[in-house]
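J.: have a look at this prediction, sequence included:
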Amino acid sequence: MKYISTRGNAPVLNFEEAMLTGLARDGGLYVPETIPMMKHPDIVALAGLPYEEIALRVMQPFVGDSFSNEDLGDAIQTAYSGFGHAARAPLVQLGPNHHLLELFHGPTLAFKDFAMQLIGQLFQTALRRHNKQVTIVGATSGDTGSAAIEAFRGLEAANVFILFPDGRVSDVQRRQMTTPTESNVHAIAMEGTFDTCQAMLKDMFNDFDFRDGVRLAGVNSINWARVLAQVVYYFSAAVSLGAPHRKISFTVPTGNFGDIFAGYIAKRMGLPIDRLIVATNRNDILHRAISTGRYDTDKVYPTITPSMDIELSSNFERALFDAYNRNGDAVAQLMGEIKKGGFGISQGALEVLREHFDSGRSAEIETADTIKSIFEHTGEILCPHSAVGVKVAEENLGSSPMVTLATAHPAKFPDAVEVAIGQRPALPLCFADLFDKPERKIAMPNDLEQMKSLIRERIKL
Ligand SMILES: *Cc1c(COP(=O)(O)O)cnc(C)c1O
């Protein structure tokens, strides 16, 4: 399998190279050259299999000969062995035709663990085999950073630097990043918002001397391997509910468009998905783009769903690439217009996007009301992000079963949950000492040169 850039102007890579590279050298994102199809009987055969086996069958065609089946299988087994639920991604019923896909049973209690635990293992296998070291830099609105630090801590092949917006992540998220003691992980508290962190990350990748000098690798959802790992649970959930014999719909709380894009890939592979619904919070650029055709940036408002407080949604570029018939020049031009405030999506491209995606938004008060009403009617305590999804899903219930992705455990966002239902959700027992451990973080201004020297000094180059 070959990977090409959404801006059409970067080297073509195999799976392993695309994973170790992250962002393409032309500023674009890697996507598979073709989407492998899964035949009807192959989907039928997934029903009842362990999650790990479904993962192997769904991902293998994208991995090609980059990893042997045995290495890939071993990485998958290790990745999910620390999850707190035997099903890995269990379904819970919320109402007659509405199901919640609980993606928060991993070691940092958010769906990011599904991808990050796996790529931690795959990086280690690949780097050991080539006897190489890399410097991983990631930007986070909270959950990516904790998942990355958890997945890479102690792995000798990688140093990890995570940039998070100071004061804009929850206490649990921050402590998951700042309390690990391994010397290869570094939590950096940045002045600014998530978009500041993400822009800094892109600047580091676009500085080729620095990028090559420290052997920079990225684990944000710009990394194709992360998107791929998330395709798996669309299959496991859909076959549990009767696919491929019937169509299933999904609603996905969305920030950087990575998780929902994984659903789109599942659909393109042949999984009978009826509707894919993008659920946004007040920072609703994606909802506006899909409903009006204008992708116009606005300021970022802090909300009770900080992992979705994003205005520049990086993976949307992958969807645009397909909507523009895989024309890299057209995508590069649109991305250039973002700096001037935004762009209009062409009529043809908008029709393609609307063929695959619907959208909705949840205002702060609606999110809180949803946590309350779901708790009262079902006993399930939702995290605010999952509640954004449930609220938008409820407006879109139809004839096909609806699955809403529950992206984090409620105990990761206890303040917002307490305001909504009057009680604090408990952390699972294994996190009991999180608030007793000492924290370790580095405060940094939004300054590229200072960031580069810090990284060089820490990896002793
Ligand atoms: C990252 C995150 C999201 C957004 O996912 P994207 O792939 O960026 O769209 C939603 N909810 C939670 C809890 C997250 O951590």
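T.: Cool, the structure landed.
J.: before we go further, residue 177 is sitting in a helix, right?
T.: Yes - Residue 177 forms part of a helix when assessed by DSSP: H, G, I helix; E, B strand; the rest coil.
J.: for it, report the pLDDT, please.
T.: On pLDDT, residue 177 comes in at 96.
J.: equivalent analysis for residue 221, please.
T.: Reported pLDDT for residue 221: 82.
J.: could you say which helix or strand holds it?
T.: Per DSSP states H and E, residue 221 falls between elements, in no helix or strand.
J.: need the nearest residue in space to it, chain neighbours excluded.
T.: residue 258 (3.1 Å; CB to CB, 6 or more residues apart in numbering). The way it works is simple: take the backbone N, C-alpha and C, and place the C-beta from them, glycine included.
J.: look up how far residue 264 lies from that neighbour.
T.: 11 Å (CB to CB, to the nearest Å).
J.: same question for residue 28.
T.: Counting by CB to CB - residue 28 and residue 264 are separated by 18 Å.
J.: can you tell me the closest non-neighbouring residue to residue 223?
T.: residue 22 (4.9 Å).
J.: for that neighbour, which residues are in contact?
T.: Residue 22 makes contact with 205, 216, 217, 218, 219, 220, 222, 223, according to CB atoms under 8 Å, 6 or more residues apart in numbering.
J.: rebuild these as JSON lines, extending it with neighbour count and secondary structure.
T.: Output for these, formatted as JSON lines (neighbours: other CB atoms under 10 Å; DSSP: H, G, I helix; E, B strand; the rest coil):
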{"residue": "205", "neighbour count": "21", "secondary structure": "helix"}
{"residue": "216", "neighbour count": "22", "secondary structure": "strand"}
{"residue": "217", "neighbour count": "25", "secondary structure": "strand"}
{"residue": "218", "neighbour count": "23", "secondary structure": "strand"}
{"residue": "219", "neighbour count": "30", "secondary structure": "coil"}
{"residue": "220", "neighbour count": "24", "secondary structure": "coil"}
{"residue": "222", "neighbour count": "27", "secondary structure": "coil"}
{"residue": "223", "neighbour count": "26", "secondary structure": "coil"}
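J.: take these and write them to CSV, including distance to residue 450.
T.: CSV is the format used below for the contacts of residue 22 (distance: CB to CB, whole Å):
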residue, distance to residue 450
205, 17
216, 17
217, 21
218, 20
219, 22
220, 21
222, 23
223, 25
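J.: quick check, nearest of those residues to the ligand?
T.: residue 220 (9.0 Å; CB to the nearest ligand atom).
J.: isn't that closest one right up against residue 312?
T.: No - counting by CB atoms under 8 Å, residue 220 does not reach residue 312; the two are 12.0 Å apart.
J.: up against the ligand, what does the stretch 151-300 of the chain have?
T.: Taking CB under 6 Å from any ligand atom as the criterion, the neighbours of the ligand within the stretch 151-300 of the chain are 221, 253, 254, 255, 256, 257, 258, 259.
J.: can you tell me which of those residues are buried?
T.: Neighbour counting by 16 or more other CB atoms under 10 Å classes 221, 253, 254, 255, 256, 257, 258, 259 among those as buried.
J.: from one end of stretch 259-275 to the other, what's the distance?
T.: 14 Å (CA to CA, to the nearest Å).
J.: what comes into contact with that stretch?
T.: Against stretch 259-275 from outside (CB under 8 Å, 6+ apart): 35-40, 43, 58, 111, 221, 227-228, 230-231, 234-235, 238, 243-244, 246-250, 252-254, 276, 278, 315, 318-319, 356-358, 396, 398, 400, 405, 407.
J.: so which of those sit within strands?
T.: Taking DSSP state E, the ones among the contacts of stretch 259-275 that sit in strands are 248, 249, 250, 252, 253, 276, 278, 357, 358, 405.
J.: now the stretch 51-200 of the chain against the ligand: closest residue?
T.: Closest contact between the stretch 51-200 of the chain and the ligand, by CB to the nearest ligand atom, is at residue 143 (3.1 Å).
J.: helices of the stretch 201-350 of the chain, start to end?
T.: Secondary structure of the stretch 201-350 of the chain (DSSP state H, counting those that start in this stretch): helices located at 208-213, 224-240, 258-268, 285-292, 316-323, 328-338, 347-356.
J.: closest one to residue 380 among those helices?
T.: Nearest to residue 380 among those is helix 224-240 (16.3 Å), distances taken as CB to CB.
J.: got the buried residues for stretch 191-199?
T.: Buried positions in stretch 191-199, judged by neighbour count with 16+ other CB under 10 Å: 192, 193, 194, 195, 196, 197, 198, 199.
J.: could you do stretch 116-136 as well?
T.: In stretch 116-136, counting by 16+ other CB under 10 Å, buried: 116-127, 134-136.
J.: what does stretch 377-397 give?
T.: 380-394, 396.
J.: which members of those are the farthest-apart pair?
T.: 381 and 396 (22.6 Å).
J.: the helix or strand that contains residue 195 - what's its average pLDDT?
T.: Using DSSP H and E, residue 195 maps to helix 194-206. Helix 194-206 comes out with an average pLDDT of 91.
J.: who does that helix touch, helix- and strand-wise?
T.: strand 134-139, strand 158-165, strand 185-190, helix 208-213, strand 216-218, helix 448-458 (3 or more CB pairs under 8 Å, 6 or more residues apart in numbering; DSSP states H and E).
J.: between these, which one is closest to residue 305.
T.: Nearest to residue 305, of all these, is strand 158-165, at 14.2 Å by CB to CB.
J.: please compute how far the closest one lies from its chain's middle.
T.: Strand 158-165 has its C-alpha centroid displaced from the chain centroid by 16 Å (CA atoms, centre = their mean, to the nearest Å).
J.: again with stretch 310-317
T.: Chain-centre distance of stretch 310-317: 11 Å, with CA atoms, centre = their mean.
J.: that one and the ligand, any residue contact?
T.: No - Stretch 310-317 does not reach the ligand (CB under 6 Å from any ligand atom); its nearest approach is 6.9 Å.
J.: model confidence over that stretch, on average?
T.: Stretch 310-317 comes out at a mean pLDDT of 90.
J.: burial check on residue 44, number of neighbours?
T.: 12 (other CB atoms under 10 Å).
J.: I should have written residue 432 there, sorry.
T.: With other CB under 10 Å as criterion, residue 432 counts 10.
J.: return the distance of it relative to residue 308.
T.: With distances taken as CB to CB, residue 432 is found 28 Å from residue 308.
J.: do the same with residue 148
T.: From residue 148 across to residue 308, the span is 18 Å (CB to CB).
J.: more neighbours: the two, which one.
T.: The residue with more neighbours, out of residue 148 and residue 308, is residue 148; 30 against 27, by other CB under 10 Å.
J.: I'd say that one and residue 139 touch.
T.: No - using CB under 8 Å, residue 148 is not in contact with residue 139; the gap is 10.2 Å.
J.: mind giving me JSON lines with the buried residues of stretch 191-199 and columns for distance to residue 438?
T.: Formatted as JSON lines, the buried residues of stretch 191-199 follow (distance: CB to CB, whole Å):
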{"residue": "192", "distance to residue 438": "25"}
{"residue": "193", "distance to residue 438": "27"}
{"residue": "194", "distance to residue 438": "26"}
{"residue": "195", "distance to residue 438": "30"}
{"residue": "196", "distance to residue 438": "27"}
{"residue": "197", "distance to residue 438": "24"}
{"residue": "198", "distance to residue 438": "28"}
{"residue": "199", "distance to residue 438": "31"}
